[in-house]
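Enquirer: next input, structure requested:
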Amino acid sequence: MPDDDYATWLLDEGDRIVEQKAIEGYSSLTTRGRLIYCLWAADYGMRNAGDLTTAADLHPTFLADGQSAAHELGLPQAMAAFSLTPEELERQYFDLFDNVVAEIKTV
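Expert: Have a look, this model is predicted:
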């Protein structure tokens with residue numbers, strides 16, 4: 001299971017970004033903001049439903065957008081995670097979570 005500090009950080013950052021997205025639209029998000037939103041959507045699905053179906057409902061292109069944002073930011077661990085198939089990401093999600101969040105926090 002992921003580190004509670006990383007989970008709390010993602011919830012806090014995710015809430016801020018979701019609010020910005022609701023007010024200003026998805027296009028207003030920075031590259032980092034888009035990546036956090038994609039990870040937040042994946043995390044929401046994994047923690048609440050145990051799969052990525054909910055993430056796809058929240059943001060249908062979360063995998064492609066997450067991969068693109070991670071690539072733009074030069075974050076290899078996030079890029080690798082968002083490059084996985086949905087099934088593989090579901091299997092590995094909680095093992096990858098801490099490293100992906102730690103990497104995102106560096107930018």
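
Enquirer: alpha carbons only for contacts and neighbour counts from here, please
Expert: Will do.

Enquirer: break down the protein into its helices, ranges please.
Expert: With helices called from DSSP state H, the chain shows them at 4-24, 31-48, 53-58, 62-73, 76-83, 86-104.

Enquirer: now these in a markdown table, with mean neighbour count and mean pLDDT?
Expert: Listed next are the helices of the chain as a markdown table, based on neighbours: other C-alpha atoms under 10 Å; pLDDT from 0 to 100:
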| stretch | mean neighbour count | mean pLDDT |
| --- | --- | --- |
| helix 4-24 | 15 | 95 |
| helix 31-48 | 22 | 97 |
| helix 53-58 | 17 | 94 |
| helix 62-73 | 20 | 98 |
| helix 76-83 | 20 | 98 |
| helix 86-104 | 17 | 97 |
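
Enquirer: can you give me the distance of Leu10 to Thr85?
Expert: 22 Å (C-alpha to C-alpha, to the nearest Å).

Enquirer: nearest residue to Thr31 other than its sequence neighbours?
Expert: In space, and not counting its chain neighbours, Thr31 is closest to Ala69: 5.5 Å by C-alpha to C-alpha, 6 or more residues apart in numbering.

Enquirer: mind listing what that neighbour touches?
Expert: Contacts for Ala69 (C-alpha atoms under 8 Å, 6 or more residues apart in numbering) come out as Thr31, Arg32, Arg34, Leu35.

Enquirer: what's the answer for Tyr93, then?
Expert: Met46.

Enquirer: try Val107
Expert: Counting by C-alpha under 8 Å, 6+ apart, Val107 has contacts Arg32, Leu73.
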